[in-house]
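Undergrad: Got a predicted structure plus its sequence, pasted below:
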Amino acid sequence: MEQPPTILPRPGWLGNMGSRFVALLPLKMAGTAAAMAAFFAAYFWLLRHSRSPVTTVPRIFVDRMISFRPAAVGLYVSLWVYVTLPPSLMTAAGDLRRYLAAGIIMSLLGFAVFVLWPTTIPTPDFNPAMYPSVSYLKTVDASGNAFPSLHVAFAVLTVFCLGKALHESGAGMALGVLNWIWCLGIIYSTMAIRQHVALDAISGAVLGGLVAFAYMRLLCRRPADVRA
């Protein structure tokens with residue numbers, strides 16, 4: 001019988017997390033590196049070969065509520081640590097395959113929109129040259145492929161998958177709350193550094209939420225003893 005959630009971690013939760021982390025560790029490391037390399041190769045190829053015309057996604061009232069915060073670039077790039085956490089806590093190769101499939105499906109849906117409807121964001125309301133970290137990010141990741149924000153989509157997929165792993169490990173609701181704070185911080189950062197506008201973030205959250213829902217339903221239909 002499943003135990004009710006607690007606010008603080010249960011005894012032994014850290015050892016549980018450790019055993020999850022070391023399970024299939026070489027496969028996780030190689031798979032994560034290969035998946036990220038393939039994603040970035042496809043993403044930047046599409047960014048360099050965008051079709052014309054390109055639509056500028058407009059700002060809405062939410063964008064006017066969020067001030068430019070160059071320090072949020074740290075939260076923005078933390079996504080690439082955040083997304084590695086769910087697979088690092090999986091213990092079955094089948095779970096890893098299904099998580100990879102969810103990421104691939106979500107990426108392909110986003111890429112399809114980028115190809116059929118190229119988008120960009122409005123001209124930033126600041127001088128990028130005055131903020132080296134933000135300027136470097138915009139040089140590496142130009143403001144194309146804006147809608148939907150895959151940055152947000154991956155954050156949303158991750159918050160659900162990581163939340164499931166934390167719950168199964170007995171990590172407690174406090175760490176679950178921190179998980180959501182990290183996710184929301186990443187979403188906020190996409191707008192705070194003017195890498196995306198609110199409509200990009202909203203569409204990315206919808207995409208990530210739909211894929212997460214489908215992934216969780218598929219996983220939960222399979223008994224734990226046959227997840228291999």
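TA: Ah, there it is.
Undergrad: Helices along this structure, start to end?
TA: 13-22, 25-48, 61-65, 73-77, 79-82, 85-88, 93-116, 132-140, 150-168, 173-192, 198-220 (DSSP state H).
Undergrad: Tell me which other helices or strands the lowest-mean-pLDDT helix or strand in the chain touches.
TA: Counting by mean pLDDT, DSSP states H and E, the weakest-scoring helix or strand in the chain turns out to be helix 132-140, with a mean of 79. With contacts defined as 3 or more Cβ pairs under 8 Å, 6 or more residues apart in numbering; DSSP states H and E, helix 132-140 has these neighbours: helix 73-77. Just so you know, the C-beta spots here come from the backbone N, C-alpha and C atoms, and that holds for glycine as well.
Undergrad: And the helix it packs on, how far out from the chain middle?
TA: 12 Å (Cα atoms, centre = their mean, to the nearest Å).
Undergrad: hang on, the earlier thing: which residues touch the least confident helix or strand of the chain?
TA: Helix 132-140 has contacts (Cβ atoms under 8 Å, 6 or more residues apart in numbering) with 70, 73, 76-77, 124, 128-129, 193-195.
Undergrad: swap the cut-off to 7 Å and go again
TA: The contact list for helix 132-140 (Cβ atoms under 7 Å, 6 or more residues apart in numbering) reads 70, 73, 128-129, 193, 195.
Undergrad: mind listing what's buried in that helix?
TA: 134, 137-138 (16 or more other Cβ atoms under 10 Å).
Undergrad: Just give me how far it sits from the chain centre.
TA: 20 Å.
Undergrad: Can I get that helix as CSV, trimmed to CA atoms?
TA: Extracted in CSV, the C-alpha atoms of helix 132-140 (Å, rounded to 0.1, in the frame of the first residue of the first chain):
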residue,chain,number,x,y,z
PRO,A,132,27.7,40.4,-21.9
SER,A,133,26.1,37.2,-20.6
VAL,A,134,22.8,37.9,-22.3
SER,A,135,24.6,39.1,-25.4
TYR,A,136,26.6,35.9,-25.6
LEU,A,137,23.4,33.8,-25.2
LYS,A,138,21.7,35.7,-28.0
THR,A,139,24.7,35.3,-30.2
VAL,A,140,24.7,31.5,-29.7
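Undergrad: Run a quick neighbour tally on Tyr215.
TA: By other Cβ atoms under 10 Å, the residues close to Tyr215 number 21.
Undergrad: Leaving out sequence neighbours, find the closest residue to it.
TA: In space, and not counting its chain neighbours, Tyr215 is closest to Ala102: 4.1 Å by Cβ to Cβ, 6 or more residues apart in numbering.
Undergrad: show me what contacts the one you found?
TA: Contacts of Ala102 by Cβ under 7 Å, 6+ apart are 157, 211, 215.
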